[in-house]
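Undergrad: coords please:
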Amino acid sequence: MFSNVPPNAEITKIDFEGPKIAIYTRRPQIFLDNDSELIKRIAKTLRKRVIVRGDEKSRLQEETSREIISSLIPREAGLKDLYFNESIGEVEIELLSPEKVDPNILTRIFVETLWYPRVLRRPPVVSRSIKEIRDIYRAEVDYRRRFLKELGNNVYRTPLFETDRVRIVSLGAFQEVGRSAVLVQTPESNILLDAGLKPTSGGDELPLFDLPEFDPQNLDAVVITHAHLDHVGALPVLFKYGYKGPVYMTEPTLHLAKLLFEDYIKVAEREGKPQIYSAREIASVILHTYTLSYGEVTDIAPEIRLTLYRSGHILGSSLIHLHIGEGLVNLIYTGDIKFARTMLLDPAHTKFPRAEILIMETTYGSKSDLLPSEEEAVLELGKIIKETIDKGGITLIPVLAVGRAQEVLLAILNLIRNKLIPPIPIFIEGMIDEVSAVHMTFPEYLSQAVRNQIYNDQNPFTSENIHIYRGENKEEVVGTRPAVILATSGMLTGGPVLEYLKLLADDPNSSLVFVSYQVEGTLGRKILQGLRKLTFIEDGKIITKELKMSIYRVEGFSGHSDRRQLEAYLRRIEPTPRTVILNHGEKGKIAEFQSYLLSEWFKKKTHLTFNVLAPQNAEAIRVV
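TA: Residues are numbered from 1 along each chain as shown. This is a model prediction of the structure:
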C-alpha cells in the first residue's frame, strides 16, 4: 500500500482522523515536495483523503515553536493567538487577516516545527459564539480524537449488504414549509438530511421521528444544509434521544446553528413553553460536528460519499450531493436555494459530476410567485422608510437573525450612503449583531464585493447610526423617532419583535414591514391575510390591541428562488436529473409547480423531461 513512499519518509504511525487517514512522520517535507504528488498517489491508492501530521516525539517544544511561528507570520496578517493541540499535533493560528499569509509560510512552519498549522480568522469584532465553540474543541481534544477515530472505523467498515437499492423517507417539509427532514436509506446505511422544527405550534413542531423506519441510534450520519430553525432546529433532539454519530455541515453553519439553538431555548423559557433540549445537547452537537468546505468530497458511510455545494440562501448554506454505491445513483438535495446573485451571496451551484435524483424546494412554486429584484426591493424599502420618517414614526422590520437581517441591514446602509433616506438611528438586536460577527469571520462564503470590504479591514455591517440594543426597556427604543428597528423573529412567532409590536401596534404613524416568507399559521401570515386584532401578555394578563400600523410586504429580499428562478435552475443544472422530487412548499404551490413541469408546454419550451414526484410526509419512495 505504501510501496511508493520513500524509506526516508520515516512514517511512525497511521490512524483514522474522521474520514481522513492521518499519516504521522518525522519528515513531512518528503510529502510536501513535488507539489504534494506523493500525497495524491497515496490518496488515490487508498481511495481516501489523506492528511500528514508530525511525529509526536519529533515536534519542537511549544515555546520554541511559538517563537518560530511569530517570526514567520507577517505583521500585516495580525497574529492574535496560538493554540497547540498536542492530541493530533496541530497548532491553531488565529489571525485578523489570514489571506495575507503566503501558503509557503505555512509549509515552512510545518517543516520546521512539525506542528501542522491550521489558520483561523479572529473576528474583528467580539464574537461570543466563535470563542465558545473554539474553547469547547480545545477543552475536549481527547474526546474529539476518540470520536474521530470511531467515526473513521465506522465509515470504512466492511459492508454487510450489497448496495442495490435506495429509498427516500419523507419525515418533514413535504406538502408543507417547516421541519425539514429527509431520510435516505440503503441496505447498509441510514443518512438524515436536515432536522428542522416547524415555526408554528400546532403539535407538529418536530419531524416524524416516530415513524418505524426512523431510529436515531441507527443513523450513520446527519447532514445539515443551513442554519435556519426549520432545517436544523431539531438536531439537538436527536442527541437527547440517543444519537452519538457525526453531523456534517459547513463551519459557518455550525456557529450560526449554535446561536439559533441558544435563542430557541431562551425564547421558550421566556414564553413558558417546554424546552425540548438543553445546553448539554447543544454541546453534544458541537462535539460531534465535522465541518466541510464547498466542493470537499468526503466518505460518510461505506457506500456513500458527500459533497456540499453553495446554495445561495444564507451564509454557509449548502446543496447536498450524495454519491451512493459504485455509481448506483447520485442524489442532490437543495435545502433552500437562491438562484440569483445578491448583495451578500453568489447564486446556487449548478454543475455536478452526476445527478439522477433532485429533491427540490418549492416555496415559491406558484405561477404568481414572481419576486421583484433585490434592487427593486431596496428602493421599495427606502420609499417605505422615507414615508414613515415623514410621519415621525418607527419602521419595524421582523427579520430572521441569519441571512435576512444582514441583507436588509446592507440595504438600509446603502440607502443612507446614496442619500435616499437620512441617517436615522437603526436599532438591532444583540443576536443579529453576533450573527453579523460570524459573517465577518467567514468572508470566503460571501459575495466578492462584501468579501473585499472585509479583506480591506472594513466592516460592512457597522455604521455610527447603528445601535445594538440588549436592554429590556423597549420603550426607550420606541421613544427614539424616527428610527428603524430590526428584530427577531421574522415570522412573529416569538422573540423581541413581539415586544416592539405590542408597543407600536396602535400607532398609525409607524410601519410594519415583512421581508421574509411567512409560513402558513404564523402570526405574520395571519396579519398579511388581514388580522388586525392582536393579543399580548402584559403583567400576566391578556390584552388586545388594534393593529393600526401601515403593513407592507417587501419580497425581493427573500433567500428563496421565485418561480422563474426555480425553472431557471432546472434548466441550468448539469447533468439533467431524471427524477425531481418536490418538497418545502405549501400543497397548492407544489401541485401547481408539479403540473407545470409535467406539462407539454414546459417540455416543448425547455426540451426537458422529468419524472416529477410530490410525496406526502411519511411516504417512502424507492428511487433505485
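
Undergrad: how close does the closest residue to residue 168 other than its chain neighbours sit to residue 266?
TA: Using Cβ to Cβ, 6 or more residues apart in numbering and skipping the chain neighbours, the partner closest in space to residue 168 is residue 621 (4.9 Å). Backbone N, C-alpha and C define where each C-beta goes, glycine included. Remark: distance between residue 621 and residue 266 (Cβ to Cβ, to the nearest Å) = 38 Å.

Undergrad: over to residue 559?
TA: Taking Cβ to Cβ, one finds residue 559 at 24 Å from residue 266.

Undergrad: so the two - more neighbours on which side?
TA: residue 559 (26 against 14; other Cβ atoms under 10 Å).

Undergrad: what's the more buried one in contact with, if anything?
TA: 312, 313, 314, 317, 336, 338, 403, 404, 407 (Cβ atoms under 8 Å, 6 or more residues apart in numbering).

Undergrad: the same query, at a cut-off of 10 Å, please.
TA: Residue 559 makes contact with 226, 228, 311-314, 317, 336-338, 340, 342, 344-345, 363, 400, 402-404, 407, 516-517 under the criterion Cβ atoms under 10 Å, 6 or more residues apart in numbering.

Undergrad: ok, residue 55 next?
TA: 10, 11, 12, 13, 24, 25, 26, 27, 28, 89, 114.

Undergrad: which one of the residues you listed is nearest to residue 427?
TA: residue 89 (47.2 Å; Cβ to Cβ).

Undergrad: next, count neighbours for that closest one.
TA: Count around residue 89 with other Cβ under 10 Å applied: 20.

Undergrad: what do you get for residue 228?
TA: Applying other Cβ under 10 Å, we find 31 residues neighbouring residue 228.

Undergrad: ok, it - contacts?
TA: 178, 180, 194, 196-197, 199, 253, 256-257, 260, 313-314, 317, 335-336, 400-404, 490, 516, 559.

Undergrad: again, only using 7 Å
TA: 314, 400, 402 (Cβ atoms under 7 Å, 6 or more residues apart in numbering).

Undergrad: right, and the helix or strand after the helix or strand bottoming out on mean pLDDT in the chain?
TA: The helix or strand of the chain with the lowest confidence, counting by mean pLDDT, DSSP states H and E, is helix 37-46 at a mean of 81. Sequence-wise, the next helix or strand downstream of helix 37-46 (DSSP states H and E) is strand 49-54.

Undergrad: tilt between that following strand and helix 37-46?
TA: 130 degrees (axes from the mean of the first three to the mean of the last three Cα atoms, to 10 degrees).

Undergrad: now, which of the contacts of residue 55 sits nearest residue 352?
TA: residue 28 (34.1 Å).

Undergrad: burial count for the closest one?
TA: As a measure of burial, residue 28 has 23 neighbours, counting by other Cβ under 10 Å.

Undergrad: distance check, it against residue 11.
TA: Residue 28 is 10 Å from residue 11, by Cβ to Cβ.

Undergrad: and what of residue 515?
TA: 56 Å.

Undergrad: also residue 220?
TA: 30 Å.

Undergrad: higher neighbour count, those two?
TA: residue 220 (21 against 17).

Undergrad: so that one touches residue 245, yeah?
TA: Yes - using Cβ atoms under 7 Å, residue 220 is in contact with residue 245, at 6.4 Å.

Undergrad: map the structural domains onto the sequence of this protein.
TA: 7-132, 149-287+323-368+564-622, 374-553 (automatic domain parsing).

Undergrad: which residues in the stretch 251-400 of the chain form helices?
TA: 251-270, 279-287, 374-390 (DSSP state H, counting those that start in this stretch).

Undergrad: to residue 534, which of those helices lies closest?
TA: helix 251-270 (18.2 Å).

Undergrad: who touches that closest one?
TA: 129-130, 133, 224, 226-227, 229, 232-233, 236, 275, 282, 286, 289, 291, 315-316, 402, 431, 434-435, 438, 442, 445, 494-495.

Undergrad: for residue 309, see how far away the closest residue to residue 307 other than its chain neighbours is.
TA: The shortest distance from residue 307 to any non-neighbouring residue, by Cβ to Cβ, 6+ apart, is to residue 321 (4.5 Å). Residue 321 sits 6 Å away from residue 309, going by Cβ to Cβ.

Undergrad: looking at these two, which is more packed in?
TA: When residue 321 and residue 309 are compared for neighbours, residue 321 comes out ahead with 21 against 17, by other Cβ under 10 Å.

Undergrad: residues touching stretch 448-468, excluding its own?
TA: With Cβ under 7 Å, 6+ apart, stretch 448-468 has contacts from 99, 124-125, 344, 406, 409-410, 413, 423-428, 430, 433, 436, 439-440, 443-444.

Undergrad: likewise for stretch 112-122?
TA: By Cβ under 7 Å, 6+ apart, the list of residues contacting stretch 112-122 from outside reads 28, 53-55, 58-60, 65, 68, 80, 84, 89-96, 98, 101, 106, 109-110, 441.

Undergrad: residues in contact with residue 195?
TA: 181, 207, 222, 232, 234, 235, 238.

Undergrad: where does the second one land in three-state SS?
TA: The one in question is residue 207. coil (DSSP: H, G, I helix; E, B strand; the rest coil).

Undergrad: look up phi and psi at the residue most central in space within the chain.
TA: Closest to where the C-alpha atoms of the chain average out (Cα atoms, centre = their mean) is residue 226, at 2.6 Å. According to degrees, to the nearest 10, the main-chain angles of residue 226 amount to phi -170, psi 170.

Undergrad: please report the distance of it from residue 170.
TA: 19 Å.

Undergrad: need the distance between the two termini of stretch 153-168.
TA: Start and end residues of stretch 153-168 are separated by 26 Å (Cα to Cα, to the nearest Å).

Undergrad: same thing with stretch 67-80?
TA: OK, stretch 67-80 end separation, Cα to Cα: 14 Å.

Undergrad: so how far is that stretch from its chain's centroid?
TA: 31 Å (Cα atoms, centre = their mean, to the nearest Å).

Undergrad: low-confidence ranges in the stretch 1-150 of the chain?
TA: Scanning the stretch 1-150 of the chain for pLDDT under 70 picks out 1-4, 34-36.

Undergrad: I meant to write the stretch 301-450 of the chain there.
TA: Ranges of the stretch 301-450 of the chain meeting pLDDT under 70: 430.

Undergrad: what comes up buried for the helix or strand hosting residue 151?
TA: For residue 151, the host element (DSSP H and E) is helix 141-155. Neighbour counts using 16 or more other Cβ atoms under 10 Å place 144, 145, 147, 148, 151, 152, 154, 155 of helix 141-155 among the buried residues.
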